[in-house]
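Enquirer: Just a sequence and a predicted model for now, questions to come.
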Amino acid sequence: MELKEEALRIVQKVWTRLQELPQAGPLELGGFIVIILFVATVLFLLVLTCVHCCCCGKQKYQSSRVQPV
């Protein structure tokens, strides 16, 4: 249950920050945007990696073995 409670606490903190965002200063807004862009980039790269590995199962990037003549 500790993990669930910790996740709920983090979500509540984020929700509180989101509610305070209209009154936030420019520095807080900039920091929030940077964090959101970072998280979005990481998630996009994760999805892109999963799609590439699962859907493009071709092994064209492996080195070819040289056959003796």
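Expert: Arrived safely, thanks for sending.
Enquirer: Distance from the chain centre to the strand or helix carrying residue 54, please.
Expert: Assigned by DSSP states H and E, residue 54 belongs to helix 26-55. The chain centroid and the centroid of helix 26-55 are separated by 4 Å, computed with CA atoms, centre = their mean, to the nearest Å.
Enquirer: swap in stretch 19-35?
Expert: Worked out by CA atoms, centre = their mean, stretch 19-35 lies 20 Å from the chain centre.
Enquirer: and the end-to-end length of that stretch?
Expert: One end of stretch 19-35 to the other measures 16 Å (CA to CA, to the nearest Å).
Enquirer: what pLDDT, on average, does stretch 36-51 get?
Expert: Here stretch 36-51 scores 92 as its mean pLDDT.
Enquirer: what's the neighbour count on residue 29?
Expert: Residues lying near residue 29 (other CB atoms under 10 Å) number 12. Placement of C-beta: from N, CA and C, glycine included.
Enquirer: Do you know the pLDDT at it?
Expert: Predicted confidence (pLDDT) for residue 29: 88.
Enquirer: go on, the one 3 residues further on?
Expert: Confidence at residue 32, expressed as pLDDT, is 87.
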